[in-house]
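Chemist: Let me see the structure of the following:
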Amino acid sequence: MACRRRGVVSLTAAAVILALLLLMSPSPTLSFSKYETPDQCSWSADNETGSGRMSVLCRVRTLDGEGTNLSALQVEGTTRLRVGCSQVLLFESSLPPQAFHRLSQLEELIIEDCKILQLPPESFTGLRDLKRLSINTYNSEWGSGKSLELAPNSLYGLKELQILDLADNNIRAFPEDVFCSLGNLQTLNLTRNRIRDASNLGYASKQPAYETSSIPRDECTGGLDVRALDVSWNQLQILRGDSGITRLRQLRNYNICIYNITNWPRFPGMPYPASLPSGYLI
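Modeler: Alright, predicted model coming up:
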C-alpha cells in the first residue's frame, strides 16, 4: 500500500514539474498574444510555416517619405507584409532608400495602389531573405504621364529574390542591368506597362553607359536565369537580337504581345517561330 501511495505522490510531483516546464517553454500562442501592430495594420499567424511567423496587412493613405506610418511594425516574426494605399485619394507616395531595412525577416513584400514615381538606389537594402517582391502602383489611373522610374541600383541587395512582379506601373523603360544583383530570380512579371522597345526591358548592355554604374561588369550575372517572363499588354513594337533577352539562358515560359515584329530573336532552349503575325501572343 505504501509503495502504491509513494507512486501516486511521485506521479503528482512529476506532473507539477512537467506543468512548470511547459509554462516556461516558448509557446506559439504566447508569442502571438504579444505581437503588436499600428492601428492601420492587422496581422495573422502564418499557418503554412509554423509558429512565430506573421503576415501583416497595412492600409494607409500614402507611403510617406519618412516611412513613419510603418515604423512601429514589429521586427521579430514579420515575414510577410502587404501595404495598400487609398484607392480613392490619389496622392503621391514616396519610398526612401532602405525604407524597409528594419524588417530584416521579411520574405514577401507587396505594395499596391501606392502612387510611387521613383524607386531610389538601394530601396530594399537590408531585406536579405526577401523572396517575393510585388509593386503595383496603378499609376495610369492617376494620369497617363505618371510613370514609375527605377534607379539603376534600386533592387540592389535582393540576393534571395525569386519572384519580381512590377505589373501595372506605367513603366516606359528599365535601366540597363537593373536586375544585376538578382542572382536567384526565376519569375519576372512586367505586364501592363508602356514598354515599346525590348531593349528597354533592362537586359540590353551598353558599355559606355554602364561605366557610371557602381556594379562591376564582370559581376553582372543576376537576372539571367529567369525561367518565366511576362511582358504582355505592353506596347512592344521593336524586338531586336541585341535587346538582351537572348541572354536569358534558362527561359522556358514567356508571354509577349507583339506588334508588327518580323524578326524574332532566338532564345536558347525555346522553339523558334519562323514568322509571327502582327499582335501575335506567345
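
Chemist: Next up, the contacts around K159.
Modeler: R128, S181, L182, G183, N184 (C-beta atoms under 8 Å, 6 or more residues apart in numbering). Backbone N, C-alpha and C define where each C-beta goes, glycine included.

Chemist: ditto for D64
Modeler: Neighbour list for D64: S93, S94 [criterion: C-beta under 8 Å, 6+ apart].

Chemist: how long is stretch 184-200 from one end to the other?
Modeler: 21 Å (C-alpha to C-alpha, to the nearest Å).

Chemist: who's in contact with the residue nearest to Q250 when sequence neighbours are not counted?
Modeler: Closest residue to Q250 apart from its sequence neighbours, by C-beta to C-beta, 6 or more residues apart in numbering: D225 at 4.6 Å. Counting by C-beta under 8 Å, 6+ apart, D225 touches G183, N184, L185, Q186, L248, R249, Q250.

Chemist: confidence score at D225?
Modeler: Per-residue confidence (pLDDT) for D225: 92.

Chemist: Need phi/psi at it.
Modeler: Torsion angles at D225 (phi, psi; degrees, to the nearest 10) stand at phi -100, psi 20.

Chemist: ok, now how distant is it from H101?
Modeler: 26 Å (C-beta to C-beta, to the nearest Å).

Chemist: remind me which residues of the stretch 1-150 of the chain are low pLDDT?
Modeler: Within the stretch 1-150 of the chain, the stretches with pLDDT under 70 are 1-35, 47-51, 65-69.

Chemist: can you give me the helices in it?
Modeler: 2-24, 28-33 (DSSP state H, counting those that start in this stretch).

Chemist: Mind checking what secondary structure Y254 has?
Modeler: Secondary structure assignment for Y254 (DSSP: H, G, I helix; E, B strand; the rest coil): strand.

Chemist: Would you agree it is in contact with A228?
Modeler: Yes: counting by C-beta atoms under 8 Å, Y254 does reach A228; the two are 7.3 Å apart.
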